[in-house]
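J.: Sequence and predicted structure, then a few things I'm wondering about:
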Amino acid sequence: MSQAVVAKLKQEYPAAVVDVVEHRGETTVTVQKEDIVAVCTYLKNEAGYNFLCDLCGVDYLGIEPRFMVVYNLYNIATKERLRVKAAVAEQSCCIDTVSGVWATANWHERECWDMFGIRFNNHPDLRRILMPADWVGHPLRKDYPLQGPDRQPYQGRLS
Amino acid sequence: MAIKETMTVNMGPQHPSTHGVLQLILELDGETVVKAVPHVGFLHRGVEKLTEYRSYHKALPLTDRLDYLAPMSNNLGYVLAVEKLLGITDAIPQRAKVIRVMMAEVTRIKSHLVWLATHALDIGAMTVFLYCFREREMIMDLYEKISGARMTSNYFRVGGLSLDLPAGFEQDVKAFIDSMPGHIETYEGLLSGNAIWKRRTIGVGHISAADAIDIGLTGPALRCSGVDWDLRRDNPYSGYEEYDFKVITREKGDTYDRYTARLDEMRESCKIIQQCLDRLEDGPILADVPWVCLPPKKDVLNSIEALIHQFKIVTEGFKPEPGEIYQGIEAPKGELGYYMISDGSANPYRMKVRPPSFVNLQALPQMIEGALLADVIATIGTLDIVLGEIDR
């Protein structure tokens, strides 16, 4: 079923789909970040993925482009999942918001901005959400120290 | 000409009705809420960051500190996610699966009891609070017997369970679920026909099905708006497809509906637990996957091979092949999801928790704007939030 959706998506947006991966029965589609709103709108309105379960960032430090924004979608009618990803480079660390497609993206995108420093263009309310408003840095980046800024690293064993 | 003036009121983060450290900035026109802005993050402990520095087994205790009112549900979601990442889901023995479902449903009752207790207390029904905590104490005793801890259970393991059930545990569970329907009737007797309770809940905090899906509501809050969606039935995990239970839905989407629905969910949970007790058969509790699972403790104390095996798993951990998965479960408060990425090392490269409370709280402003200040308290209660998993 999700293969059929991916095939249609490729047909509709041939330039947008970069990669399709199957792992443990789950489909992940990587798309160009410029097309993210168009792809998400299509998946919601035409393919029935009416529920955005989760949105988060991932930091692949050392790989270009550095960040991935991951959208975990769900279709309440067919009970199917689909994952959409878009790569975001460190130099232009921004992507268009999908909060116009699913209202639930609002807080998820705020969290992604807070934790990774990825800006969401046209977001209605892009403020930090978990960290204090005056915090410097983005804690879930791989080059952010675990113990926090201006502290000695923990000397004991972590794992 | 009358001048319309609004007043901004700060509620929380230290407030008994916010169920933790939640701050709300309320703009009021008299008693009416014009605008509400929630502030979260006061309890942020960096669970997702900490996980990246620990092996998969050692990250497990962090998860029961997310939703501390339903620790075993959090553990269940995590172990299922790691098992899916490893590709060993089919290797989990039947006994472990049944005990997992049983404890997940006990946890659902535990979580709903705290919800009802605090929700009723907020609206002024104090007796229910005391009764619910009395019953919750029975569950705490079950937790203590099975895991040694009353709250942070950490009982499940990747591949199965940490220990088998203690002697007599099944009788204790049976006694609990036999007593529970009577207790639920007591709560209903105290509340369902109560004029104050009805005035405070009927029509309060309404949300439509379309709005609920758009804002990402899950769990009882979504089902009470008329969306028939339960992950236990629709994307079954841990053998839920074998159990016979009803998915409770309501149509009106108000606070009273969410109250009756959660009571019915507790009854359904009792039925599932009874089916678990009927299905319990002797057998192994850990999967036969030596590169993932710890050997039994008695072997570790008696054989050098088992000791080396234990040592290797504790110090090195296991290394799932690179890839990414998402595992969602029906936690008491809604869909609890774990999105995990492995880069082939012994630590998760990234673990994202999709906490149901975080997304459900997002719906609060649209549910209370235009309502009275007192309804804010009722709506926070009915959303059943826990700040531990919102802030992570």
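T.: Received it, and whenever you're ready, just let me know what you need.

J.: When you work out contacts or count neighbours from here on, use the C-alpha atoms and nothing else.
T.: Will do.

J.: what's the spacing between the worst-scoring helix or strand of chain A on mean pLDDT and its chain's center?
T.: Per-element confidence for chain A was summarised using mean pLDDT, DSSP states H and E. The lowest value among helices and strands belongs to helix A:2-12, with a mean of 80. Averaging C-alpha coordinates over helix A:2-12 and over its chain gives two centres that are 20 Å apart (Cα atoms, centre = their mean, to the nearest Å).

J.: and that helix with chain B, contact?
T.: No - judged by Cα under 8 Å from any Cα of the partner chain, helix A:2-12 and chain B are separated, with a smallest distance of 15.1 Å.

J.: In that helix, which of the residues would be classed as buried?
T.: Buried residues in helix A:2-12, counted by 16 or more other Cα atoms under 10 Å in any protein chain shown: A:6, A:9-10.

J.: How about stretch B:310-326?
T.: By 16+ other Cα under 10 Å, the buried positions in stretch B:310-326 come out as B:310, B:313-314, B:317-320, B:323-326.

J.: in chain A, which spans are helices?
T.: Applying DSSP state H to chain A gives helices spanning A:2-12, A:36-45, A:105-116.

J.: Mind putting these into a markdown table with distance to residue B:352?
T.: Written out in a markdown table, the entries for the helices of chain A read as follows (distance: least, Cα to Cα, whole Å):
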| stretch | distance to residue B:352 |
| --- | --- |
| helix A:2-12 | 23 |
| helix A:36-45 | 21 |
| helix A:105-116 | 11 |
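
J.: quick one: which of those helices is nearest residue A:151?
T.: With Cα to Cα as the criterion, residue A:151 lies closest to helix A:105-116 of the helices of chain A, at 19.2 Å.

J.: Just the buried positions in the closest one, please.
T.: Neighbour counts over helix A:105-116 (16+ other Cα under 10 Å) mark A:105-116 as buried.

J.: ok, what's across the strand from the nearest residue to residue A:108 once chain neighbours are set aside?
T.: Closest residue to residue A:108 in three dimensions, ignoring its sequence neighbours and counting by Cα to Cα, 6 or more residues apart in numbering or on different chains: residue A:55, at 5.7 Å. Each beta-bridge partner of residue A:55 is listed here: residue A:71, as defined by DSSP bridges.

J.: what do you get for the one 4 residues further on?
T.: Counting by DSSP bridges, residue A:59 forms beta bridges with residue A:67.

J.: residues near it, how many?
T.: With neighbours defined by other Cα atoms under 10 Å in any protein chain shown, the count for residue A:59 comes to 20.

J.: now the one 4 residues further on
T.: Here the neighbour count serves as a burial measure; for residue A:63 (other Cα under 10 Å) it reads 9.

J.: The residue sitting nearest the centre point of chain A: what's it in contact with?
T.: With distances taken as Cα atoms, centre = their mean, chain A has residue A:69 as the residue nearest its mean C-alpha position (2.2 Å). Residue A:69 sits next to A:55-58, A:85-88 when contact means Cα atoms under 8 Å, 6 or more residues apart in numbering or on different chains.

J.: Check the gap between it and chain B for me.
T.: For residue A:69, the distance to chain B under the criterion Cα to the nearest Cα, to the nearest Å works out to 12 Å.

J.: can you list the residues of the stretch 51-200 of chain B near chain A?
T.: Where the stretch 51-200 of chain B comes near chain A, counting by Cα under 8 Å from any Cα, the residues are B:53-55, B:58, B:84-85, B:87.

J.: And for the residue lying closest to residue A:121 once chain neighbours are set aside, the neighbour number?
T.: The spatially closest residue to residue A:121, leaving aside those adjacent along the chain, is residue A:96, at 4.6 Å (Cα to Cα, 6+ apart). When counting by other Cα under 10 Å, one arrives at 15 neighbours for residue A:96.

J.: what's the spacing between residue A:96 and chain B?
T.: As for residue A:96, its distance to chain B is 18 Å (criterion: Cα to the nearest Cα).

J.: can you give me the strands in chain B?
T.: Ranges of strands in chain B, per DSSP state E, are B:7-11, B:23-29, B:32-39, B:156-157, B:160-161, B:323-331, B:334-342, B:350-354.

J.: Poorly predicted segments of chain A, please.
T.: A:1, A:157-159 (pLDDT under 70).

J.: no wait, chain B
T.: Within chain B, the stretches falling below the threshold (pLDDT under 70) are B:1-3.

J.: So which bits of chain A are right by chain B?
T.: Taking Cα under 8 Å from any Cα as the test, the list of chain A residues beside chain B reads A:23-24, A:26, A:50-54, A:56, A:58, A:72, A:76, A:79, A:102-105, A:107, A:129-132, A:139-140, A:146, A:158-159.

J.: quick one: the residue nearest to residue B:209 when sequence neighbours are not counted from residue B:257, how far?
T.: On the basis of Cα to Cα, 6+ apart, the spatially nearest residue to residue B:209 that is not a chain neighbour turns out to be residue B:225, at 4.9 Å. Counting by Cα to Cα, to the nearest Å, the separation of residue B:225 from residue B:257 is 9 Å.

J.: Quickly list what's touching both of the two.
T.: Contacts common to residue B:225 and residue B:257, judged by Cα under 8 Å, 6+ apart, are B:250-251.

J.: hang on, the earlier thing: state the number of residues packed around the residue nearest to residue A:108.
T.: 25.

J.: what do you get for the one 3 residues further on?
T.: Residue A:58 has 23 neighbours, counted by other Cα under 10 Å.

J.: got it, and the one 10 residues further on?
T.: Close neighbours of residue A:68, defined as other Cα under 10 Å, add up to 19.
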